[in-house]
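**Student:** Compute the structure for the input listed below.
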Amino acid sequence: MNNKRLRKLLAKMNEMKLDRLVLVSKENLSYLFHFTFDTGKRISACTINSQGDIRFFVNSIFSEGVAEDFPFHVTFYRDGDYPIDLILQQIPLHERVGIDENLVSSAMYYIIQNRKDLTLSISDCVERLREIKDENEINALSQSARIADAVMLQTVQLQTYPTTEEKIAQMVVSFFDNYEVDEVSFTPIVASGVNTVNPHHKAGNTMILPNEPLLVDIGAKFNGYCSDMTRMFARSEIFSAYSTLYSRLLEAQQIALDIIRPGIELKEIDRSIRNYLKRYNLEQYFIHGTGHGIGIEAYELPYIHHNNTEIVKEGMVVTVGPGLYLQGNYGLRIEDVVLVTKTGSECLNKLPKELLILEEERV
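**Tutor:** Numbering: from 1, shown residues only. So this is what the prediction gives:
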């Protein structure tokens, strides 16, 4: 095996005392083998044992997608066959088997009932490898972040009014298409006025009104890697209480960015924000975790919250996105993609974070 990621995986399997992995996640397969079988609801799986024997199981209707020089053993199954049976036939007695969490629960139950000799576990073995990005991944994430910066700027500068949340969300998608992204990382979150109190608000027909906050959370996948950023805007000068809260939130995020470095616990990042907000009796309005890993998926390991004692490591790429949500009133959030460097961190999003007031004559 000359694939560096596969060699690291075997070492990780040894560390976790696993004899074999069963992988069905298309993201994990893409990460390890630089390709994926996207076969919808039909199972495509890969088994890897601790000696590096790799076998694939793919429905025969996708056989044309398997190159003639494909370097691994492939078992094709037909509709009506149950691929889990084929996989189990390849697994010797009494092995310790890790299964990624994308395998449906019914299949997991079937394995438990039919192979009581196996020691089974849900394994995040590959996901743990994906936490640390290599140079090529960091470059892809940086490119993706720059595209998101450009789309965010275009969206607010070229927007005309009157308009709605939904129309802005549609504009975001069309701008991303201009950059030939693979797909959006998630449906754009565009929230105005009282809708900003919902962290995952679905854009609707709400009009964008003057003197109300506008939250825009966007991301797309470029060259296989995701972006995710949030900025706040207003059509005209907003009330002073909101501006004050925004300044507090911006300072809280900066405090978190300043402490990020290898060796600290992930919960310390979250705690730094909450401790700052507590000074101003705002902690209760920060109702979600601080951030999450980002890479092949928009949401992946590690997760930044108050209980995560895992250690920050060089090469991790995470989002840092604190928010405040005053129910019945308004909300605000600032979010960036951040690389953990050897001595600290680097924000991959470069778009300024000050609350941007769009003067009426500009719109």
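**Student:** low pLDDT regions in the chain?
**Tutor:** Judged by pLDDT under 70, the chain has its weakly predicted residues at 1-2, 359-363.
**Student:** other SSEs contacting whichever helix in it runs longest?
**Tutor:** In the chain, taking DSSP state H as the definition, the longest helix is helix 135-158. On a contact count with 3 or more Cβ pairs under 8 Å, 6 or more residues apart in numbering; DSSP states H and E, helix 135-158 meets helix 165-178, strand 213-218, strand 220-222, strand 225-226, strand 229-234, strand 317-320, strand 336-340. All C-beta spots, glycine's among them, are computed from the backbone N, C-alpha and C.
**Student:** For residue 253, which of the ones you listed is the nearest?
**Tutor:** strand 317-320 (6.1 Å; Cβ to Cβ).
**Student:** So which residues make contact with that closest one?
**Tutor:** With Cβ atoms under 8 Å, 6 or more residues apart in numbering as the contact definition, strand 317-320 has outside contacts at 133, 137-138, 141, 228, 253, 256-257, 260, 269, 290-295, 302, 304, 335-340, 348.
**Student:** and whatever helix or strand comes next after that strand, which strands flank it?
**Tutor:** Following strand 317-320 in sequence order, the next helix or strand is strand 323-326 (DSSP states H and E). Applying DSSP bridges to the sheet, strand 323-326 is found paired with strand 330-333 (antiparallel).
**Student:** What is the distance between the partner strand and the centre of its chain?
**Tutor:** Put simply, strand 330-333 sits 21 Å off its chain's centre (Cα atoms, centre = their mean, to the nearest Å).
**Student:** Please apply the same query to stretch 346-363.
**Tutor:** 24 Å.
**Student:** Just the buried positions in it, please.
**Tutor:** Applying a neighbour-count criterion of 16 or more other Cβ atoms under 10 Å, one finds 347-349, 351, 353, 355-356, 358, 363 buried in stretch 346-363.
**Student:** again with stretch 72-81
**Tutor:** The neighbour-count check on stretch 72-81 (16+ other Cβ under 10 Å) flags 75-77 as buried.
**Student:** Pipe those into a markdown table and attach distance to residue 61 per row.
**Tutor:** Listed next are the buried residues of stretch 72-81 as a markdown table, based on distance: Cβ to Cβ, whole Å:
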| residue | distance to residue 61 |
| --- | --- |
| 75 | 14 |
| 76 | 9 |
| 77 | 10 |
